[in-house]
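J.: the sequence isn't on hand, but the structure is:
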């Protein structure tokens with residue numbers, strides 16, 4: 001989907017490409033129309049030039065946070081797999097989610113009601129969706145290729161509605177479907 005950005009309404013010499021706006025999305029000039037701006041991944045001032053000034057850095061980060069909050073419902077994306085009747089939910093993202101799908105199919109063949117919640121965006125965290133699902137799930141298995149990062153967000157949201165189990169691997173290898181299946185069998 002193409003969304004046409006609002007164009008600047010000021011002359012090029014007054015244009016600030018990262019100026020504050022009510023919705024957090026500043027007007028954007030087309031390349032070649034006489035408006036100058038820098039594009040960088042560094043913290044930057046309202047003109048787009050890199051900065052280390054605390055006041056300018058805080059202004060930028062505050063604007064980005066406000067913008068993220070404003071568009072949260074557009075940003076949060078996830079996929080549900082076999083969760084309709086699930087009693088156990090595997091929460092996995094990235095490459096772990098694909099392996100989890102294979103493990104879930106294997107568990108389903110054994111009659112275990114398990115499904116997957118796969119966040120496609122990990123921030124902002126899909127709090128409302130996880131909260132809703134946790135009310136009908138007994139156990140959430142958070143499978144991560146690290147020592148545990150997203151598990152803290154899941155625990156914070158799930159609280160007392162479901163039991164949260166960790167499945168972590170951080171030896172440089174990927175999970176196998178069998179490892180995730182073993183954890184599913186352990187919590188049944």
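T.: Yep, that arrived. Because the structure is a prediction, the values reported are computed rather than measured.

J.: next, give phi and psi for the residue nearest to the spatial centre of the chain.
T.: Central residue of the chain (Cα atoms, centre = their mean): residue 122, 1.7 Å from the mean position. Residue 122 adopts backbone torsions of phi -100, psi -10, taken as degrees, to the nearest 10.

J.: distance of it from residue 24?
T.: Using Cβ to Cβ, to the nearest Å, residue 122 is found at 21 Å from residue 24. Yep, even glycine has a C-beta here, placed from its N, CA and C like the rest.

J.: looking at the chain, which helix is longest?
T.: helix 54-70 (DSSP state H).

J.: picking up where we left off before, what residues does the residue nearest to the centre of the chain make contact with?
T.: Residue 122 sits next to 93, 150 when contact means Cβ atoms under 8 Å, 6 or more residues apart in numbering.

J.: tell me how far it lies from residue 142.
T.: Counting by Cβ to Cβ, the gap from residue 122 to residue 142 is 12 Å.

J.: what is in contact with these two at once?
T.: By Cβ under 8 Å, 6+ apart, the residues touching both residue 122 and residue 142 are residue 150.

J.: nearest residue to residue 48 other than its sequence neighbours?
T.: The spatial neighbour of residue 48 that comes closest, neighbours along the chain excluded (Cβ to Cβ, 6 or more residues apart in numbering), is residue 38 at 3.5 Å.

J.: which strand or helix spans that neighbour?
T.: When elements are assigned from DSSP states H and E, residue 38 belongs to no helix and no strand.

J.: what do you get for residue 20?
T.: Using DSSP H and E, residue 20 falls within no helix or strand.

J.: wait, residue 18 touches residue 28, no?
T.: No: contact criterion Cβ atoms under 8 Å: residue 18 and residue 28 do not qualify, at 9.9 Å.

J.: more crowded one of the two?
T.: residue 18 (21 against 16; other Cβ atoms under 10 Å).

J.: which residue comes closest to the more buried one once chain neighbours are left out?
T.: residue 46 (4.9 Å).
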